[in-house]
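S.K.: What follows is a predicted protein model with its sequence.
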Amino acid sequence: NPIEKLDKAFNNKIRLGIMSALLVNDFLDFKALKKLLDVTDGNLASHAAALEKINYIQVEKSFVGKKPNTKYIITSSGKKAFSEHLDGLAEILKSTNM
């Protein structure tokens, strides 16, 4: 059943956007991801924290000069879960296009 492949973690469009962006980039920093997704600081931070909590993304905090920098990286388990989610969506689309 393709619906079983869908992951509730990706039901939110911001989380879907974070995962999509990180799947095709080695990493993105907070500022770039915020601009790409056109979201507020709080929205990005809370959704990234939710994905980090379930080990779908890794968050690295550092300083560039004296400015804090937060970098986001998709994990191998995040790649696997997101790929399965996309496969499930593709199967659903194929089955409804008869």
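M.R.: Good, I have the coordinates.

S.K.: Tell me the helices and strands packed up against the biggest helix by length in the chain.
M.R.: Secondary structure of the chain per DSSP state H: the longest helix is helix 76-96. Applying 3 or more C-beta pairs under 8 Å, 6 or more residues apart in numbering; DSSP states H and E, one finds that helix 76-96 contacts helix 13-23. (Glycine included, C-beta is placed from N, CA and C.)

S.K.: Restricting to C-alpha, output the helix it packs on in PDB.
M.R.: C-alpha atoms of helix 13-23 as PDB (Å, rounded to 0.1, in the frame of the first residue of the first chain):
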ATOM      1  CA  LYS A  13       5.000  22.200   3.600                       C
ATOM      2  CA  ILE A  14       7.900  23.800   5.500                       C
ATOM      3  CA  ARG A  15       9.300  20.400   6.500                       C
ATOM      4  CA  LEU A  16       8.700  19.200   3.000                       C
ATOM      5  CA  GLY A  17      10.600  22.300   1.700                       C
ATOM      6  CA  ILE A  18      13.500  21.800   4.200                       C
ATOM      7  CA  MET A  19      13.900  18.200   3.200                       C
ATOM      8  CA  SER A  20      13.600  18.900  -0.600                       C
ATOM      9  CA  ALA A  21      16.200  21.700  -0.400                       C
ATOM     10  CA  LEU A  22      18.700  19.600   1.700                       C
ATOM     11  CA  LEU A  23      18.300  16.600  -0.600                       C
END
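
S.K.: Just list the residues touching the spatially most central residue of the chain, thanks.
M.R.: In the chain, the centroid-proximal residue (C-alpha atoms, centre = their mean) is residue 19; its distance is 2.1 Å. By C-beta atoms under 8 Å, 6 or more residues apart in numbering, the contact list for residue 19 reads 10, 51, 56, 57, 74, 78, 82.

S.K.: hmm, back to that, so which bits of the longest helix of the chain are buried?
M.R.: 78, 81, 82, 85, 86, 88 (16 or more other C-beta atoms under 10 Å).

S.K.: correct me, but the second one touches residue 56?
M.R.: This points to residue 81. Yes: if you go by C-beta atoms under 8 Å, residue 81 and residue 56 touch, sitting 6.0 Å apart.
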